[in-house]
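Trainee: A predicted structure for the sequence below; I have some questions about it.
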Amino acid sequence: MTVRIHEQKKIKKSAIELFSRYTDIKILKSELESLGFLERVEKPTLVVMENPDLELYVQIGIIPENKVNGYDVLTFEEIEEALR
């Protein structure tokens, strides 16, 4: 699949900006869904979401009270490079 790099960069930047605005995981998940992300994993301390069309991956660490503890927003290519 051909990834639209310009759109990928735009959505990645938008996703990162969400983390500076919100700390509540429910709000963040909703906002990320509006950017085309789909939830892949939900555990008490972790949420993983992907935007398969733009090959973007988000991993969110959660602390009690559903607050964000940390996050990563990566392209699938960045993940592949890290695994080499």
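Mentor: Okay, I see it.

Trainee: give me the beta-bridge partners of the most centrally placed residue in the chain?
Mentor: For the chain, Val58 is the residue whose C-alpha lies nearest the centre (CA atoms, centre = their mean; 2.4 Å). Applying DSSP bridges to Val58 gives these bridge partners: Met49, Val73.

Trainee: is it true that it touches Ala15?
Mentor: Yes. Contact status for Val58 versus Ala15: in contact at 6.1 Å, counting by CB atoms under 8 Å. Backbone N, C-alpha and C define where each C-beta goes, glycine included.

Trainee: and the strands in the chain?
Mentor: For the chain, the strands defined by DSSP state E occupy 38-43, 46-51, 56-63, 67-75.

Trainee: before we move on, the earlier item: who's in contact with the residue nearest to the centre of the chain?
Mentor: 15, 32, 37, 47-50, 71-74 (CB atoms under 8 Å, 6 or more residues apart in numbering).

Trainee: I'd say Val68 and Leu46 touch.
Mentor: No. When contacts are counted by CB under 8 Å, Val68 is not listed as touching Leu46 (11.1 Å).

Trainee: more neighbours: these two, which one.
Mentor: Neighbours were counted for Val68 and for Leu46 using other CB atoms under 10 Å; Val68 has more, 18 against 12.

Trainee: now for Val58 and Ala15: what residues contact both?
Mentor: 32, 37, 73.

Trainee: ok, and what's touching stretch 68-78?
Mentor: 3, 8, 12, 15-16, 19, 22-25, 28, 45, 55-63.

Trainee: same check, this time on stretch 46-57
Mentor: 1, 3-4, 7-8, 11-12, 15, 25, 29, 32-33, 35-42, 58-62, 72-77, 79.

Trainee: filter these to the buried ones?
Mentor: Among those, the ones that count as buried by 16 or more other CB atoms under 10 Å are 8, 11-12, 15, 25, 29, 32, 35-37, 58-60, 62, 73-76.

Trainee: ok, Ile5 to Ser14 distance?
Mentor: The gap separating Ile5 from Ser14 is 15 Å, by CB to CB, to the nearest Å.
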